[in-house]
Structure formats: C-alpha cells, structure tokens
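# pasted the sequence and its predicted model underneath.
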Amino acid sequence: MTVSASPSPSALAWSTDNCTVGRAMEVLGERWTFVVLREVFNGVRRFDDMRRHAGIPRQVLTDRLALLVDAGILRREPYREPGQRERHEYRPTDKGFDLYPVLVAVRHWGDRYLADPEGSPVEFEHVGCGAEVDVVLRCRDGHEVTGRRDVATRPGPGIKPFA
C-alpha cells in the first residue's frame, strides 16, 4: 500500500506578519472583551453597572475599557449624577458598531453548542418586523454562501511571501 503525502497548503507560501485576523485578535482576543461589548450593545454603559452585571473584576474591566477606547471601538461620554464627580459612559463608535455582526455570530455559535436545554437566554430581534436576526454570508455578487466548503482563501492585495 502506497501512502501519498498530502500537498502543502498554499497558505504556507504567504507571510502572516500583516494578517488582519491576527491583528484583530490582539484587540479582541481576550475573554472579557466581547463580554464588555455585549454589555455596551445591551445598553449597560457605566463602569459600575458593567462590573456588577457581568461580574468582571474591576482591574480587568478598567483594562478592557482602556483597550477598546484606545483602539477606537468605544468612546467615553462624560456624565455627572447630582452631587457626584464626573464619570464616563462607554458608547460604541462606528468601528465598534461594525463588530455587532460578530457578536451575533458568536451568540449563534454559543446557542448551537453551549446553550442550556431550555435554549438561548437572549435573541436578537429586527426592530422593524420582530423577526429574529441571523448572520448570513454573502459574496459581493449577492449569492448567499450556504455550504461549509463554499468559501476558499485566496491571496489579497496585501499578501507578502513567506520568508
């Protein structure tokens, strides 16, 4: 019996030094980052409310918020309760709102593989009609991508050879 070696993946010829997935994960890859974004997208925008609601340790929340503000994903908005010092709320920027479909996709994956037997604790509803929102892959020509193997990676304009 002859065993043939599988061909090397073409991706081995490409450098990963400027990989945008790797760069995005430098900002988004820590466990609490999407929990903070979930809170902000759900309208929980004040530090103490986030900490209490999500159970995030104080220093971790401080670090995550600073990272997200520095990355331009959240912006700080000042507010002052009567008789209190000025504090800040955290609101998504346009760059932050662009992460909303990622949150919907992560929730969908979590519902499929990690939900309690009763089902998902939350749903995303289209405000205009009330239907549940899904994330859909679509090519730029408008075709919906439905098969797991219907997408392939190809070199983009910023590709560099692996040295």
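Received it, and whenever you're ready, just let me know what you need.
# next one: the longest helix belonging to the chain to chain centre, how far?
Looking only at the chain and at elements set by DSSP state H, the helix with the highest residue count is helix 100-114. Its chain's C-alpha centre and that of helix 100-114 lie 10 Å apart, by C-alpha atoms, centre = their mean, to the nearest Å.
# and stretch 142-150, by the same measure?
Remark: stretch 142-150 is offset 21 Å from the chain centroid, using C-alpha atoms, centre = their mean.
# show the end-to-end separation of it, please.
Start-to-end span of stretch 142-150 (C-alpha to C-alpha, to the nearest Å) is 14 Å.
# can you give the contact residues for it?
Residues outside stretch 142-150 that contact it (C-beta atoms under 8 Å, 6 or more residues apart in numbering) are Val136, Leu137, Arg138, Cys139, Val151. (C-beta placed from N, C-alpha, C; glycine too.)
# is Ile159 in contact with Asp17, as I believe?
No: look at Ile159 against Asp17 with C-beta atoms under 8 Å: they stay out of range, at 10.8 Å.
# show me which of the two is the more surrounded one.
A count of neighbours by other C-beta atoms under 10 Å puts Ile159 above the other of Ile159 and Asp17, at 12 against 9.
# from Thr16, how far out is the more buried one?
Taking C-beta to C-beta, to the nearest Å as the measure, Ile159 and Thr16 are separated by 10 Å.
# could you do Phe162 as well?
From Phe162 over to Thr16 (counting by C-beta to C-beta), the distance is 8 Å.
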